Every structure is written in structure tokens, then in C-alpha cells.
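Asker: What follows is a predicted protein model with its sequence.
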Amino acid sequence: MAGGESAFEQTFSFSPLPAKSFCFQEDKNTLTLLMKWSMLGRLSAQTYSFDSNFHPYSYETFALCFFKDPQVIASLSNMEAGVCMPLERPVASVSTELVPCTKISMELFDPIYSCGILRPSGHVVKCFHDVYPDYDELRQMLQEEDSEHYYVVGKMERKEFLFRLFKHLCLGGALCQYEDTIDPYISTTKKIYKDLISVQKDPETKKISVVSTVLKVCAYDVSGQCFPGKREEEQTFAYLIVDPVKRNVTLLFHIYGVGKMTL
């Protein structure tokens, strides 16, 4: 957890870039799926520029500066029960997790297609569950460590931002209508990931690599958690996706609840 700053630490200032938008925020098919998954209007992406060079070792300072910046605070809203509310008190601290982000293809998901989670048609296999009616093997693999399929995607791969994004979309919001097939989850994950992540090609080796740094963040004021949302919930999440080359950072966040019912 990052608390106060020392006098010797680097500081960052931020400016919103309201003209910056993403394809997934405008694509009708994607928006229709987000509505079906009860995430429409609750999944948000906002981009900001920043004024200093970013280095991964300074990620905690970066996150704290972000949530203390007056322009960020002015642009930032919490969504509680669908109502936008600004942060009520100054942010005192930020918990920050450096999230692995190395994948440039969807190969990570290949094992899911051949382990019994899916039928040859791509349909998700249904299964019985004591708590959740209409449960399936995909959600069980994503959530329950004692599932026989939990580690078909390796331990390190499960930590990747690409996998986390896929998991968030599969679990959805409060009134999520789950898909019968895996394809909508895979295609939407690919679209959003490609929108958010920056890559570059090495001029000598021609190898493509990710240049973005991804941070999972949670901000606290004197009374406790204040962003994203005021309660801990697996599907209430926030990530800072830093492009050190363009000096841009995108805040992707979702607050669990009932999404919009119309486009």
C-alpha cells in the first residue's frame, strides 16, 4: 500500500483527454453484449495525459499522484446504484498491484477448448451447483480452485491482464445473462484488450511486445475504500493502463450492480 510521498519521490500531474474514445465504447455489438451482461453504463474507460517519464518501479507513486490530482478528482465519478457521485473526501492512500501484461495473442485460452469445459460446438457445458442455478463449467473454472479445470490455464497465465479481463466479462454484473457459447466472451475480450494495450515492434528482431504497464488499484479515504465503489466485490474493479511512450494512462473501472437496460 502506498501512503504519503517523500520529498525525494517523483510526482506526476494529469490532464483528462475527453476526446479520446475506444472502439469498444462505440461498437453496437459490444455494447449489446455489455447490456446483456449487466455491465453497460458501469464499465467505464477514461484517458489522461501525464507530464513526467513513467518507470515501472515508480508505479505506487504514480497511482497515488493520480488519485490526488485535482483534475482527476474533478473528472472522476463513482457510480452507486446507477447514480454518479464525486469522491466525497481526499484520497489518503492507494493499494496498487502490478499486473502482468505480456500477451499479444489469444493463445492463452487454447487449453479451454480441449479440456471438457466446452462441447466441440463451442457450447459451454452446464453443471450442477449448490448455490448457483444454471451454473456451468466455465464459471466454475474461473472461480473455484477445487474445480478439476481450474489450472487448465496455468497459474502465471491466470494473473495476466488478458485473463483477468476475460474473467470479468464472463462473470458480468448483477443481472448478467450468461452466454451459451464461449465465442462472445473471447471476441469481446480481444476487442477491449486490443483497444487498451499498446504494443511496439523491435526494428531488428521484428518481435512485437507490449509496452503498457497495468496496475490494479483501489483508493481509500479516511473512512475506508472510496474507489472503485465503497465495498469490496470481485466484480468492482479498477485498472490503470499506462502507455509510457505516449504518456497516457487509461482508467478502466467497473462497479458491480444492475447495468443499463437500453442502448
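Answerer: Alright, I've got the coordinates. Being a predicted model, the structure only gives us computed values, none of them experimental.

Asker: got any ranges where the stretch 1-150 of the chain has weak pLDDT?
Answerer: 1-8, 77-86 (pLDDT under 70).

Asker: Which parts of it are helices?
Answerer: Here the stretch 1-150 of the chain has its helices, by DSSP state H, counting those that start in this stretch, at 28-36, 59-68, 70-75, 137-143.

Asker: what's the most buried one of those helices?
Answerer: Of all those, helix 59-68 has the most neighbours on average by mean count of other Cβ atoms under 10 Å, namely a mean of 23. Backbone N, C-alpha and C define where each C-beta goes, glycine included.

Asker: Packing partners of it?
Answerer: strand 93-99, strand 213-221, strand 237-243, strand 248-254 (3 or more Cβ pairs under 8 Å, 6 or more residues apart in numbering; DSSP states H and E).

Asker: Please name whichever of those strands is nearest to residue 176.
Answerer: strand 248-254 (12.0 Å; Cβ to Cβ).

Asker: And the contacts of stretch 162-177?
Answerer: The contact list for stretch 162-177, computed with Cβ atoms under 8 Å, 6 or more residues apart in numbering, reads 36-39, 42, 99, 101, 103, 106, 108-109, 138-139, 142-143, 153, 157, 178, 185-186, 188-189, 192-193, 234-235, 237, 254, 256-259.

Asker: Could you tell me which of those count as buried?
Answerer: With burial judged by 16 or more other Cβ atoms under 10 Å, the buried subset of the contacts of stretch 162-177 is 36-39, 42, 99, 101, 103, 108-109, 138-139, 142, 153, 157, 178, 185-186, 188-189, 192-193, 235, 237, 254, 256-257, 259.

Asker: What is the longest helix of the chain by residue count?
Answerer: helix 183-196 (DSSP state H).

Asker: how big is the angle separating that helix from strand 237-243?
Answerer: 40 degrees (axes from the mean of the first three to the mean of the last three Cα atoms, to 10 degrees).

Asker: after helix 183-196 comes which helix or strand?
Answerer: Moving toward the C-terminus from helix 183-196, the next helix or strand (DSSP states H and E) is strand 199-201.

Asker: right, and the helix or strand after that next one?
Answerer: Heading C-terminal from strand 199-201, the first helix or strand you meet, by DSSP H and E, is strand 208-210.

Asker: Tell me which residues of that next one come out buried.
Answerer: Within strand 208-210, the residues scored as buried using 16+ other Cβ under 10 Å are residue 210.

Asker: Sheet partners, orientation included, of it?
Answerer: strand 199-201 (antiparallel) (DSSP bridges).

Asker: relative to its centroid, which residue of this structure is most remote?
Answerer: Residue farthest from the centre of the chain, counting by Cα atoms, centre = their mean, is residue 204 at 32.4 Å.

Asker: Kindly provide the distance from it to residue 117.
Answerer: According to Cβ to Cβ, to the nearest Å, residue 204 and residue 117 sit 40 Å apart.

Asker: What of residue 33?
Answerer: 20 Å.

Asker: again with residue 62
Answerer: The value you get for residue 62 to residue 117, if Cβ to Cβ is used, is 38 Å.

Asker: Likewise for residue 186?
Answerer: Distance, residue 186 to residue 117, by Cβ to Cβ: 13 Å.

Asker: give the contact list for residue 20.
Answerer: Neighbouring residues of residue 20 by Cβ under 8 Å, 6+ apart: 47, 248.

Asker: Repeat the analysis, applying 6 Å as the threshold.
Answerer: residue 47 (Cβ atoms under 6 Å, 6 or more residues apart in numbering).

Asker: In this structure residue 181 contacts residue 125, no?
Answerer: No. Counting by Cβ atoms under 6 Å, residue 181 does not reach residue 125; the two are 11.2 Å apart.

Asker: Could you find the closest non-adjacent residue to residue 109?
Answerer: Excluding its sequence neighbours, the residue lying closest to residue 109 (Cβ to Cβ, 6 or more residues apart in numbering) is residue 186, at 6.3 Å.

Asker: For the one you found, give its distance to residue 131.
Answerer: Applying Cβ to Cβ to residue 186 and residue 131 gives a distance of 26 Å.
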